[in-house]
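Novice: Here you go, sequence then predicted model.
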Protein chains: 4
Amino acid sequence: MSAAPRTARGEKTRRKLLEAAEHEFAAHGYTESSVSRITERAGVGQGTFYLYFDSKLDVFNELVEDLNHRVRLAMSEGARGAGTRLAAERAGFAAFFRFTAEHPALYRVVREAEFVSPEALRMHYTRIVEGYIDGLTQAQEDGEIGDIDPTVAAWALMGVGEMIGMRWVLWGDAANGEPGDGADPTASGTSAVPEHVLDEMMRFIGGALGRPDWGTTNEEEA
Amino acid sequence: MSAAPRTARGEKTRRKLLEAAEHEFAAHGYTESSVSRITERAGVGQGTFYLYFDSKLDVFNELVEDLNHRVRLAMSEGARGAGTRLAAERAGFAAFFRFTAEHPALYRVVREAEFVSPEALRMHYTRIVEGYIDGLTQAQEDGEIGDIDPTVAAWALMGVGEMIGMRWVLWGDAANGEPGDGADPTASGTSAVPEHVLDEMMRFIGGALGRPDWGTTNEEEA
Amino acid sequence: MSAAPRTARGEKTRRKLLEAAEHEFAAHGYTESSVSRITERAGVGQGTFYLYFDSKLDVFNELVEDLNHRVRLAMSEGARGAGTRLAAERAGFAAFFRFTAEHPALYRVVREAEFVSPEALRMHYTRIVEGYIDGLTQAQEDGEIGDIDPTVAAWALMGVGEMIGMRWVLWGDAANGEPGDGADPTASGTSAVPEHVLDEMMRFIGGALGRPDWGTTNEEEA
Amino acid sequence: MSAAPRTARGEKTRRKLLEAAEHEFAAHGYTESSVSRITERAGVGQGTFYLYFDSKLDVFNELVEDLNHRVRLAMSEGARGAGTRLAAERAGFAAFFRFTAEHPALYRVVREAEFVSPEALRMHYTRIVEGYIDGLTQAQEDGEIGDIDPTVAAWALMGVGEMIGMRWVLWGDAANGEPGDGADPTASGTSAVPEHVLDEMMRFIGGALGRPDWGTTNEEEA
DNA sequence: AATGAATGAGTGTTCATTCAT
DNA sequence: TATGAATGAACACTCATTCAT
């Protein structure tokens, strides 16, 4: 992370660089991105980059960290205020898919971390999973779900979300059609994934967690 | 795929190159690998590489294809002869984990395809999922599982396998300890994942597919 | 020139190679052409090339030689049977332009020799010029043209033909339009250069050679 | 043309590179020249080259452009102050031959453009020809030469100069002897071409332009 | 704080040529 | 006569990083 800026001006420069890096990585991926293009995008000299970051990898790590916060925030905000546990779970996943749909390139950045900075990806997944584990444990205490091991279940849920997201959000509805299902993915009520897929996915998850009824009812009614 | 060798000697050279590329990619990842190191490893001149492959990407794609065949073979062979559906599913996953444990670096090659050759990864996942879909559809016809949408369920299963595999096989038992659980991952009877995790995972999947009983019984007894 | 073919089969192979080389050089120029593409085009193995030619440069030289014969043949045949000296000169130039128009790429091969095999180009120009010199000397003896030094005049004529040919045949009628003036360049009666340009050029040459009247009359009437 | 230097230091480096490229191309021709040899000659790192030029072709084009200016300057300066039109024409050609004699390798660079960057050569010839056309048109208005089409005549003149220059300056006096005629080609009073050849050439041109008298008198007396 | 010039190792790829068969 | 496998030097070009100003 190199030297932190010591002045307001420096702070601003650092932010410009970070933002430029985000766009650059999103657009070209890590290896294809170049520091010089980042500084160009940021409108600063090449040397300036190394005033605020130790290396190309350094910005990347910081970016992954940042993205992690944003995904988790989106998910928890998405789930906030849901009346039932089912509704909350569904809303959480929908928020995740929406985030992915809105920032597909950014999400790519996170996944690429597996090959660029494995530790960063591990941290990313672990943090999200910890949230799941807390939720599942609570739900078990409330008797809302079965007594499955919350850790294993949490990682499984993570996998389900990732794969469904990759398949229907990143790849799009058709096997090789355009991403998304045509519905505006930013409309907060809708999901970035076809309704039917989300339904089936919740049924899958409901059964998995010992709540087969989740698949037979609609949201808010469970 | 470039020109196919026309002589036995050429055939042999091509195989040497492919094998060298596999090790090289596994060891350093795609971008950090160099064609010259591949040829060096193969013990041939640099130019020889281009007699058999159009480009660095070309070998990579061929390798992903190859690995796809091997994973699927391992899974179907692992599942062969299982007495019950539960046993078959469990054996399939166990085989998958074992393959991953035996070739962790190779599996990395496949996943990296997302950033190197997205089409190749898509093909990889799609082929495996197609196998799942067939199995699930058959199981539904036999009344063995619920009426969940087989496509959605298949992708969800894929995700569960990938994430559990990443967490317990690639990362290892402890959050940040060494990979594997100490048990010999190649011993065919055992799983590369802790027994408990596999148990819980099967319980998760059983419930998801409308067979909550899968989680309460042991293999071979369902 | 390497080993001459010793059998009819060899003769045929050599011819195939020569023809393939002509097309290859015409299409890509000397440096961008590759021996392997020549052999591929010829439908023979790569090694076969070196049975008949010492090197890439070797074929090139042979080709330039060959082209030299063809251009000179075209010019002398074009001029044959012309009634007057003016008609003969004009027909000779027209034939040269026609040849260039019909084989623009081949003519490029000849010119490129300046940078690839300077000796070959020197020979090419010298041979053509020798023909001019003979003609001019004869014409002087016949009192048909002034007493200008035939050697200097011959090279000057060569230059005029080359430059007019480059400008109007290779580059085309408009400064940067398409080559040729739209008239079918292979129609033997017409010229590959606009009639007006040929007229003015003959006037230029006529004056230069001490026959200002050439510019005031039409062909066949002088 | 890439990024222009932003500092004096950069300006200097760029000039060093340009000069090195000039020598390199002159010595080995375009294809045989290598960027690394250019940078070596310039005494800078390989990467530095790409700070100032987009590509090898880019410097080449810039060089051709530069040479074009220099040739035209040499010609117009050579002709400046000539008392008569004949003297001016003769001086212009003599200056051209002198330039060629002084920089035979550089002139090679220009001609090679036909195969490396055809547009550049076209521009080169066109610019010079435009100067001729202006001069010829003016001379016609002044009644000094005949009414030949100035464009055709200009290209023809260009051809005469090029070919005579190639034959007597670049190839030398003897058919295949050394270049030059032994006279110091840089001595400004003399021509790089044997006096006799220049005489005959001017006679040729004079007649061509409708001034047969040019060939019968000496310079400065017409 | 900021710059931009400079670096040089490194990349993937091409190709004329040789040679064992 | 013919082959195609093999070579390795050579190429243009990129880039993260350093440093003097």
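Specialist: Sure thing, it's come through.

Novice: use CA for all of it now, contacts and neighbours both
Specialist: Noted.

Novice: tell me which residues of stretch A:90-110 are tucked away?
Specialist: Buried residues in stretch A:90-110, counted by 16 or more other CA atoms under 10 Å in any protein chain shown: A:90-102, A:104-110.

Novice: Please parse chain A into its domains.
Specialist: Annotated domains of chain A cover A:1-54, A:56-215 [automatic domain parsing].

Novice: Just name the most buried of these.
Specialist: domain A:56-215 (a mean of 20; mean count of other CA atoms under 10 Å in any protein chain shown).

Novice: what about that domain, distance to the chain center?
Specialist: 7 Å (CA atoms, centre = their mean, to the nearest Å).

Novice: how close does the most centrally placed residue in chain A sit to residue A:155?
Specialist: In chain A, the centroid-proximal residue (CA atoms, centre = their mean) is residue A:71; its distance is 4.1 Å. For residue A:71, the distance to residue A:155 (CA to CA, to the nearest Å) stands at 17 Å.

Novice: Name the SS class of residue A:144, please.
Specialist: What DSSP: H, G, I helix; E, B strand; the rest coil gives for residue A:144 is coil.

Novice: Any stretches of chain A with poor pLDDT?
Specialist: Applying pLDDT under 70 to chain A picks out residues A:1-3, A:173-191, A:216-222.

Novice: hey, where'd the helices end up in it?
Specialist: Under the criterion DSSP state H, helices of chain A are mapped to A:8-32, A:35-42, A:49-52, A:56-79, A:85-102, A:104-116, A:118-141, A:150-164, A:195-208.

Novice: Could you list every helix and strand in contact with the fifth one?
Specialist: With contacts defined as 3 or more CA pairs under 8 Å, 6 or more residues apart in numbering or on different chains; DSSP states H and E, the packing partners of helix A:85-102 are helix A:56-79, helix A:195-208.

Novice: contacting residues around the longest one?
Specialist: Pointing back at helix A:56-79 there. If you take CA atoms under 8 Å, 6 or more residues apart in numbering or on different chains as the criterion, helix A:56-79 is touched by A:1, A:18, A:21-22, A:30, A:35, A:53, A:87-96, A:99, A:106, A:109-110, A:113, A:116-117, A:120-121, A:124, A:128.

Novice: Would that helix count as contacting DNA strand F?
Specialist: Yes - counting by CA under 7 Å from any atom of the strand, DNA strand F is contacted by helix A:56-79 at A:56-57.

Novice: Hey, what's the angle from that helix to helix A:35-42? Just curious.
Specialist: Helix A:56-79 runs at 50 degrees relative to helix A:35-42, counting by axes from the mean of the first three to the mean of the last three CA atoms, to 10 degrees.

Novice: and residue A:59, how far is that from residue A:15?
Specialist: Residue A:59 is 11 Å from residue A:15, by CA to CA.

Novice: ugh, wrong one, I meant residue A:27
Specialist: According to CA to CA, residue A:27 and residue A:15 sit 18 Å apart.

Novice: For the helices of chain A, give me JSON lines that also has distance to DNA strand E.
Specialist: Formatted as JSON lines, the helices of chain A follow (distance: least, CA to the nearest atom of the strand, whole Å):
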{"stretch": "helix A:8-32", "distance to DNA strand E": "4"}
{"stretch": "helix A:35-42", "distance to DNA strand E": "8"}
{"stretch": "helix A:49-52", "distance to DNA strand E": "6"}
{"stretch": "helix A:56-79", "distance to DNA strand E": "14"}
{"stretch": "helix A:85-102", "distance to DNA strand E": "31"}
{"stretch": "helix A:104-116", "distance to DNA strand E": "16"}
{"stretch": "helix A:118-141", "distance to DNA strand E": "21"}
{"stretch": "helix A:150-164", "distance to DNA strand E": "30"}
{"stretch": "helix A:195-208", "distance to DNA strand E": "40"}
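
Novice: Let me have those in JSON lines, adding distance to residue D:82 as columns.
Specialist: Below are the helices of chain A laid out as JSON lines (distance: least, CA to CA, whole Å):
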{"stretch": "helix A:8-32", "distance to residue D:82": "62"}
{"stretch": "helix A:35-42", "distance to residue D:82": "55"}
{"stretch": "helix A:49-52", "distance to residue D:82": "62"}
{"stretch": "helix A:56-79", "distance to residue D:82": "66"}
{"stretch": "helix A:85-102", "distance to residue D:82": "76"}
{"stretch": "helix A:104-116", "distance to residue D:82": "71"}
{"stretch": "helix A:118-141", "distance to residue D:82": "79"}
{"stretch": "helix A:150-164", "distance to residue D:82": "85"}
{"stretch": "helix A:195-208", "distance to residue D:82": "90"}
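
Novice: Next, the contact list for the residue lying closest to residue A:115 once chain neighbours are set aside, please.
Specialist: Leaving aside its chain neighbours, residue A:115 sits nearest to residue B:112 (6.9 Å; criterion: CA to CA, 6 or more residues apart in numbering or on different chains). Going by CA under 8 Å, 6+ apart, residue B:112 touches A:112, A:115, B:29-30.
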